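In: This is a predicted model, with the sequence first.
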Amino acid sequence: MSTTGFEDGPPTSTGAQIGDSGSGVHLLAGILAALYQRVNTGRGQRVTVAMQDAVLNLCRVKIRDQQRLQAGPLGEYPNETFGDEVPRSGNASGGGQPGWAVRCKPGGPNDYIYVIVQPQVWASICNLIGKPELAADPEWATPEARLPKLDVMFELIESWTLLRTKFEAMDLLNQVDVPCGPIMSTRDLIQDESLRARGMIVEVDHPRRGPFMTVGCPIDLSDSTVEVERSPLLGEHTAEILGELCGYDKQKIERLREAGVV
């Protein structure tokens, strides 16, 4: 459960427990809406977001399709058999534009790229993969014609991607405006130059473990720079806190250390 509260007047403390990114994004939207209301009406409100509810919101297409099953099998799914529940369909979106994760060179567990086939880029894909004749072929030219054989369509695309790395394939697909994205491993993420250039992968120096990579701040504010720093060592700031907040002098702090209090 993620929850926070804004009472009438200035906010004091906010009790926010964000369990995952899904609930966090929904909670953020709720907090902003509550703040907007308070600015305009002077009244605050409590915002509550359950993690299960946030994830369920991402399943709305499948919830819709569960009800559509009453009219028979769902043509946009690649599954051959249908029961009384929406089938598991792997990378298929179950609606909208068909997309699939296809294998790339050299064929390792992370060598995949996700490709979305939109009607306006079908001809470009055909030319790119060396099948220009399919662009005007009535058996392939329209989304309705391709829908019953999505598995074959993505096999044709995969026969092309298997000859290229996922990044080579992405560069070529981007040149003809085909929506795509490489499946990134953690090593890929750490080494990604664009993430480093944007400050989303940053290097932090640690006095014990040495330099290491971590994630930067995803919120980019033009007038508020975020510096990513290491976590403190155990007791690293004890003397500073006792001196500044408690008013202890160095001798008293040293006596506390000798006594094992701090």
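Out: Sure thing, it's come through. Everything numeric here is computed off the predicted structure, so don't read it as measured data.

In: Give me the below-cutoff pLDDT ranges for the chain.
Out: When residues are selected by pLDDT under 70, those of the chain lie in 1-22, 93-96.

In: care to break the chain down by domain?
Out: The record's domain split for the chain, according to automatic domain parsing, is 2-57, 97-183.

In: could those go into a markdown table alongside distance to Q66?
Out: C-betas here are computed from N, CA, C, even on glycine. Below are the domains of the chain laid out as a markdown table (distance: least, CB to CB, whole Å):
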| stretch | distance to Q66 |
| --- | --- |
| domain 2-57 | 13 |
| domain 97-183 | 20 |
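
In: closest one to G235 among those?
Out: In this view, those are compared for proximity to G235 by CB to CB, and domain 2-57 is the closest at 26.5 Å.

In: How far away from the center of its chain is the one helix or strand H26 maps to?
Out: When secondary structure is defined by DSSP states H and E, H26 falls within helix 21-41. Between the centre of helix 21-41 and the centre of its host chain there is 20 Å, according to CA atoms, centre = their mean, to the nearest Å.

In: Kindly export that helix (C-alpha atoms) in CSV.
Out: Extracted as CSV, the C-alpha positions of helix 21-41 are listed here (Å, rounded to 0.1, in the frame of the first residue of the first chain):
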residue,chain,number,x,y,z
SER,A,21,7.6,1.9,-9.8
GLY,A,22,4.0,1.3,-10.9
SER,A,23,2.4,2.3,-7.6
GLY,A,24,5.0,5.1,-7.3
VAL,A,25,4.0,6.7,-10.6
HIS,A,26,0.3,6.4,-9.7
LEU,A,27,0.9,7.8,-6.2
LEU,A,28,2.8,10.7,-7.7
ALA,A,29,-0.1,11.6,-10.0
GLY,A,30,-2.5,11.4,-7.0
ILE,A,31,-0.2,13.7,-4.9
LEU,A,32,0.0,16.3,-7.7
ALA,A,33,-3.8,16.2,-8.1
ALA,A,34,-4.3,16.7,-4.4
LEU,A,35,-1.8,19.6,-4.3
TYR,A,36,-3.5,21.2,-7.3
GLN,A,37,-6.9,20.9,-5.5
ARG,A,38,-5.4,22.4,-2.3
VAL,A,39,-4.0,25.4,-4.2
ASN,A,40,-7.3,26.1,-5.8
THR,A,41,-9.7,25.2,-2.9
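
In: about what we covered before: if we compare the domains of the chain, which one ends up closest to P232?
Out: When these are ranked by distance to P232, counting by CB to CB, first place goes to domain 2-57 at 22.4 Å.

In: tell me the contacts of the nearest residue to G235 once chain neighbours are set aside?
Out: Distances taken as CB to CB, 6 or more residues apart in numbering place V262 nearest to G235, at 7.1 Å, with adjacent residues excluded. The neighbours of V262, taking CB atoms under 8 Å, 6 or more residues apart in numbering as the test, are 235, 238, 242, 253, 256.

In: Relative to K252, how far out is the nearest residue to the second one once chain neighbours are set aside?
Out: In this structure, T238 finds its nearest non-sequential neighbour in V262, 5.2 Å apart by CB to CB, 6+ apart. Relative to K252, V262 is positioned 10 Å away (criterion: CB to CB, to the nearest Å).
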